[in-house]
Structure formats: C-alpha cells, structure tokens
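Trainee: Quick one, what's the 3D model for this:
(one chain, ligands or ions: 3)
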Amino acid sequence: MTVKVKTIKEMQAIVKSLKTEQKSIGLVPTMGALHEGHMTLMKRAQSENDVVIASVFVNPLQFGPNEDYDDYPRQIDQDQALLAENGIDYVFAPEPEEMYPSPLQIQMTVGAMAQVLEGAKRPGHFDGVVTVVNKLFNIIQPDQAYFGKKDAQQLAIIEQMVTEMNHSVEIVGIDIVREQDGLAKSSRNVYLTETERLEAVALSQSLQIAKTLFDNGERNVEVIESAIKKYLTAHTAGKIDEVAIYSYPELKQVEKIDTQVFISLAVKYSKARLIDNIILKDDK
Ligand SMILES: Nc1ncnc2c1ncn2[C@@H]1O[C@H](COP(=O)(O)OP(=O)(O)OP(=O)(O)O)[C@@H](O)[C@H]1O
Ligand SMILES: CC(C)(CO)[C@@H](O)C(=O)[O-]
Ligand code: BAL
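Mentor: Ligands and ions are numbered 1, 2, ... in the order given. Have a look, this model is predicted:
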C-alpha cells in the first residue's frame, strides 16, 4: 500500500517518526503522470533507502504564463496505484494552496546557470524548480533524492543549489529511460499525434549521429550542431527550438569540445515540446 499524504504537517509528522526509527529516506520528486522513467528512479531509491517517498506536484511556479500548466496530465489515482504495485511507501501529493497558501515573499533565484538553454527559453522556470525542490527537501529531509538526466540542466542546477544552500541530501542522477525506438519517456509524450510520435524518434537518432561523429574524432561544435539540424529537418516536421552544446555540469558555452559536454535538443510539435540530450566525454 502507498500512503497518500496531502498536508505538509502530516508529512512532517511521518518524517519525524521515520527519523526516530533511524530509517533512511529516499525522495523522488515528480509532477505525476508516472511512467517507466519515473519508476526507474523509484526502484533505484528503493534499493538505496529504507523508505521511499514520491512527491507528485504540478508546481505552478515553474510554468510560464503561456505554458501547459492547466493541461498538464493529472492522474493521481492511477499514479498511486502504480506506486503501490511497485511497493513505494508514501506519496506526498499536496494541492497548490497547501504549498503556496499565499504569494511567496521569499523565492529562490538561479544565476547564470538558468540564463541558458531551457532557462532562456522558459524564463523563471528554474527559479520555480529550485524553490519547490528546496521546500520538498525541508519538509521531507531525504538522505538521497533522485532526478533524471533527461532534465540535465535541472539536475546540474539542483546539485549547485544543494552545494550553495548546504542541504545534507545526496543527489543521484539517473540515465534517460527510453521507449524501444529511442524516444525519451516523458509525461508530455501523450500530447503527440500518431504521426508526430513516429517522427519524434528523430530526436534520439540525431543525438546518436552526433555521438558517432564525436566518437570518430569530431570536436567542432558547429559541425556537430549542423549535422543534428540537418537530420532533424529531414526526418521530422517538428520545429527545432534548440540545438546547443554546453559544458556539463557548468553549463558554459563551448566552441570546441575539450571537456565533458552535453548536447541539448528541444523540438516543438503541435501540442508537445520535447527535450532530449546526450552527455559526451572525451575518455582519452
Ligand atoms: N525518461 C526519463 N528518464 C529518466 N528520468 C526521467 C525520465 N522522464 C522523467 N524523468 C525524471 O523524473 C523526474 C520527474 O519528472 P517529470 O515528472 O517532470 O516527468 P517528465 O516525464 O519529465 O515530464 P515532462 O516531460 O512533462 O517534463 C525528473 O527528475 C525527470 O528528469
Ligand atoms: C523536480 C520537479 C518535480 C520540481 O517540480 C520537476 O521539475 C520535474 O518533474 O522534473
Ligand atoms: N521535467 C521538467 C519539468 C517541467 O518541464 O516543468
């Protein structure tokens, strides 16, 4: 059984008794509409902690005014059933009024790391993410918290927040979980039409082309970016919103690949904006 917890007070009381029993706590923050990607994070959390708490909260602070906050898939009963099937102990699922009873007087802001890539495309997004994750860490006080590399910029920013704000949690990054054809699993994939779903495989395929170029010695950013754009243009009608190569986890622009980097993609379909990425490291 997965116990659903709706209030902060109740969650804090549970955490207090778990701490008294010296149980280690793994936290998996999500926005719900759970899929196998999320469940991979949950399983890893189970293998490393006595108790796992999943949070399901569609955080209004991280959505821009023209984004899909209202439409974002919400299916808490289905999510709770899936969590129960997988033996997850608790789901913390507060309403927005519980997390934000009145407009916040105090909010966190992210510096240069949020001025690029997803942060540049979605102004204020990462301020909203770190604010809610900070609240979740304070409420749940996890020993370990699990985040997917699908949101690689988010993972880097949260690691930085933990360092700068002196949280004692250990952040664990989990590799991207993909559909059989390579499409990164995402709650937003439900927005794709049938044709778009077939074409969306082009994102991961274009990253594989980039990886092959890199493995064959190519280090020029422009050459790799333009190979990706060419592939995407030829294989999907989705509109390219971002193809960029940045150092990872520093998130600085590079001209030549001589450090660990990640290639970040965003492609817009009629209703879905899909992201994907690959981390490339020179082992030589
Ligand atoms: N395919 C995946 N592989 C690995 N981690 C994932 C995957 N999909 C989501 N996650 C991780 O799960 C956590 C919760 O993500 P979230 O609830 O936003 O799901 P999502 O599928 O990424 O949704 P969306 O596509 O709407 O952003 C995040 O840390 C995210 O990186
Ligand atoms: C980390 C998170 C749950 C914060 O709302 C969200 O950004 C997400 O699902 O990746
Ligand atoms: N997984 C990232 C959350 C968002 O797109 O708002």
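
Trainee: low-scoring stretches of the stretch 101-250 of the chain, by residue?
Mentor: Of all residues in the stretch 101-250 of the chain, none has pLDDT under 70.

Trainee: That one: strands as residue ranges?
Mentor: 144-148, 170-174, 239-247 (DSSP state E, counting those that start in this stretch).

Trainee: separation between the residue in the chain positioned nearest to ligand 1 and A200?
Mentor: Relative to ligand 1, the nearest point of the chain is G148 (2.0 Å; CB to the nearest ligand atom). (Glycine included, C-beta is placed from N, CA and C.) The span separating G148 from A200 equals 18 Å under the rule CB to CB, to the nearest Å.

Trainee: Which one of these two is surrounded by more residues?
Mentor: Shown here are G148 and A200; by other CB atoms under 10 Å, A200 has more neighbours (26 against 22).

Trainee: give the contact list for the residue nearest to that one when sequence neighbours are not counted.
Mentor: With sequence-adjacent residues excluded and distances taken as CB to CB, 6 or more residues apart in numbering, A200 is closest to L183, at 5.2 Å. Residues counted as contacts of L183 (CB atoms under 8 Å, 6 or more residues apart in numbering) are 189, 197, 200-201, 203-204.

Trainee: how about 10 Å then?
Mentor: By CB atoms under 10 Å, 6 or more residues apart in numbering, the residues touching L183 are 189, 192, 197-205, 274, 276.

Trainee: what are the phi and psi angles of it?
Mentor: Main-chain dihedrals, L183, degrees, to the nearest 10: phi -60, psi 130.

Trainee: what's the spacing between it and T40?
Mentor: Distance, L183 to T40, by CB to CB: 15 Å.

Trainee: cool, T195 as well?
Mentor: Remark: distance between T195 and T40 (CB to CB) = 28 Å.

Trainee: Of those two, which one has the most company?
Mentor: The residue with more neighbours, out of T195 and T40, is T40; 18 against 12, by other CB under 10 Å.

Trainee: what about that one, which helix or strand?
Mentor: helix 36-48 (DSSP states H and E).

Trainee: after that helix comes which helix or strand?
Mentor: With DSSP H and E, the next secondary element past helix 36-48 is strand 51-56.

Trainee: What's the local residue count around A13?
Mentor: 12.

Trainee: isn't it right up against T7?
Mentor: Yes. Shown here, A13 and T7 form a contact pair, counting by CB atoms under 10 Å, at 9.4 Å.

Trainee: I figured the residue of the chain closest to ligand 1 hits T30, correct?
Mentor: Yes. Between G148 and T30 there is a contact under CB under 10 Å: 9.4 Å.

Trainee: quick one, what contacts I176?
Mentor: Per CB under 10 Å, 6+ apart, neighbours of I176: 37, 40, 148-152, 182, 184-186, 204, 207, 276-279.

Trainee: I misspoke; the intended subject was I88.
Mentor: 1-3, 26, 28, 34, 39, 42-43, 45-46, 51-54, 79-80, 82.

Trainee: And for P123?
Mentor: With contact taken as CB under 10 Å, 6+ apart, P123 is in contact with 64, 114-115.

Trainee: now T2
Mentor: T2 neighbours (CB under 10 Å, 6+ apart): 52-54, 79-91.

Trainee: how close does the residue in the stretch 151-284 of the chain that ligand 3 sits nearest to get to V51?
Mentor: Closest residue of the stretch 151-284 of the chain to ligand 3, CB to the nearest ligand atom: D151 (4.6 Å). Note on D151: its distance to V51, by CB to CB, is 24 Å.

Trainee: same thing with P103?
Mentor: 33 Å.

Trainee: Dump stretch 82-100 to PDB, restricted to CA.
Mentor: This file holds the C-alpha atoms of stretch 82-100, laid out as PDB (Å, rounded to 0.1, in the frame of the first residue of the first chain):
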ATOM      1  CA  LEU A  82       1.300   2.300  -9.900                       C
ATOM      2  CA  LEU A  83       3.300   3.300  -6.800                       C
ATOM      3  CA  ALA A  84       1.500   0.700  -4.700                       C
ATOM      4  CA  GLU A  85       2.200  -2.000  -7.300                       C
ATOM      5  CA  ASN A  86       5.900  -1.100  -7.000                       C
ATOM      6  CA  GLY A  87       5.900  -1.100  -3.200                       C
ATOM      7  CA  ILE A  88       6.500   2.700  -2.800                       C
ATOM      8  CA  ASP A  89       5.700   3.600   0.800                       C
ATOM      9  CA  TYR A  90       4.400   7.200   0.600                       C
ATOM     10  CA  VAL A  91       3.200   9.700  -2.000                       C
ATOM     11  CA  PHE A  92       3.200  13.300  -1.000                       C
ATOM     12  CA  ALA A  93       0.600  15.000  -3.200                       C
ATOM     13  CA  PRO A  94      -0.300  18.400  -1.800                       C
ATOM     14  CA  GLU A  95      -2.600  20.900  -3.500                       C
ATOM     15  CA  PRO A  96      -1.100  24.200  -4.800                       C
ATOM     16  CA  GLU A  97      -2.800  26.000  -1.900                       C
ATOM     17  CA  GLU A  98      -1.100  23.700   0.600                       C
ATOM     18  CA  MET A  99       2.400  24.500  -0.800                       C
ATOM     19  CA  TYR A 100       1.700  28.200  -1.500                       C
END
